[in-house]
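>>> Just need the structure, nothing else, for what follows:
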Amino acid sequence: MGIRHERPGVYSSYETSGLTAANAGGGKVAVIAEAGEAEPGKVFQWTSYSRAAADVGECALSRLARIALRNGAGTVYGAAAGTDWDEAVGAVGRLEDVDVVVCGSTELAVQQKVKAMVVECSNARKERIAVVGGAAGETVEQLTGRAAGLNCERVVLAAPGAGDGSGGAVCAAAVAGAMETDLFVGALMEKLEESGHLEDTVVVFYTDHYNYYLQNDALIMEMKGVDNMNLIRHTEFFIYAQGQEPMDVEKVTGSVDILPTLANLFGLDTQGAFLVGHDALGDQGGYVFFEDGSWYDGETYWDSSSDDDGNAHRRAEIAWLINLNNALLRGDYYAARTGG
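Predicted coordinates:
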């Protein structure tokens, strides 16, 4: 069975589906960005930020490399850009084992050069995808215009963040790292199958945060169609077991529901155990709560800062669950229960 949920904050809507293992590649990201005094077109290879900083110092190239590494990239090729970016783009085009290319410029003309390189490489059987960013402060309408100027299935456009003008490039690096993580999932599934362990292994993947590199709150809320920050934080979660039939769970669930759900799937006896969440496949639950005490049940969002009293019974239950959760953490309850 595969269970996939998208979790804003601490909640998610479960949608179950089968998992198709990705065709994992070499797991390498190329970053093209300005690099101070580094020779234009020179390509470095890094597996850590410390190595990048030693080679090019603190600059746009090393910062983007750090973000890509933190978000899942195993190896980063850093290409130093000159005034026209042509040498750096050409150098990355000559690399053989790149999966994702991050463009550190928000100039549309530069991004179009990167697009052309990616398309040319892919036509030559050096498959790769480019990730580019919008400029800081761009509206959804402006992003749409930028997308039209790129208009390519091999280019991913990341929305900009707020701040120093490089938010779009920062998001692009984070997206590139996440794409590498997708490849790692595929590699894991292939290894499990090759070794004969897939049939007796249950795979659980959970993402603990949304893309917080996008710091423009108003823009991200507009893009997601919500009006508060609690409802923007969608992340991925899935459970996969070979041979199990997919199923749909319509109610919203949260991270606290993962343990009870797994316990049910494995047939574990939880009688007498203190569980903060609920089994996603059972009849209980169906709502989630946030750190500020607000809650959401898939239809109604109650804001704890509002004058509305909301559902008094539910608020009391949430307060009890929060106190229970804190007590379990303070006492290391599960370690004591299992003798750990």
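
>>> What values do phi and psi take at Arg315?
phi -60, psi -40 (degrees, to the nearest 10).

>>> Check which helix or strand Met327 maps to.
That one is not Met; residue 327 is Ala. helix 312-330 (DSSP states H and E).

>>> Helix or strand with the lowest mean pLDDT in the protein?
The element with the least model confidence among the helices and strands of the chain, by mean pLDDT, DSSP states H and E, is strand 12-16, at a mean of 32.

>>> any idea how far whichever helix or strand comes after that one is from the chain center?
Toward the C-terminus, strand 12-16 is succeeded by strand 28-34 as the next helix or strand (DSSP H and E). The gap between where strand 28-34 is centred and where its chain is centred comes out at 19 Å by C-alpha atoms, centre = their mean, to the nearest Å.

>>> Strand 28-34 pairs with which strands, parallel or anti?
Pairing partners of strand 28-34, with direction, according to DSSP bridges: strand 75-81 (parallel), strand 100-103 (parallel).

>>> Among those strands, which comes closest to Ala187?
Between Ala187 and the strands paired with strand 28-34, the shortest separation by C-beta to C-beta is 13.9 Å, and it involves strand 75-81. Using the backbone N, CA and C atoms, a C-beta is placed for each residue, glycine as well.

>>> Using CSV, write out the CA atom coordinates for that closest one.
What follows is strand 75-81 as a C-alpha-only set of coordinates in CSV (Å, rounded to 0.1, in the frame of the first residue of the first chain):
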residue,chain,number,x,y,z
THR,A,75,27.8,16.3,-5.4
VAL,A,76,27.8,19.8,-6.7
TYR,A,77,29.7,21.1,-9.7
GLY,A,78,30.2,24.8,-9.3
ALA,A,79,30.7,26.8,-12.5
ALA,A,80,32.0,30.4,-12.1
ALA,A,81,30.1,32.9,-14.3
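
>>> related to what we said a few turns ago, now the strands paired with strand 28-34 as JSON lines including distance to Val89 and mean neighbour count?
Output for the strands paired with strand 28-34, formatted as JSON lines (distance: least, C-beta to C-beta, whole Å; neighbours: other C-beta atoms under 10 Å):
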{"stretch": "strand 75-81", "distance to Val89": "8", "mean neighbour count": "25"}
{"stretch": "strand 100-103", "distance to Val89": "9", "mean neighbour count": "32"}
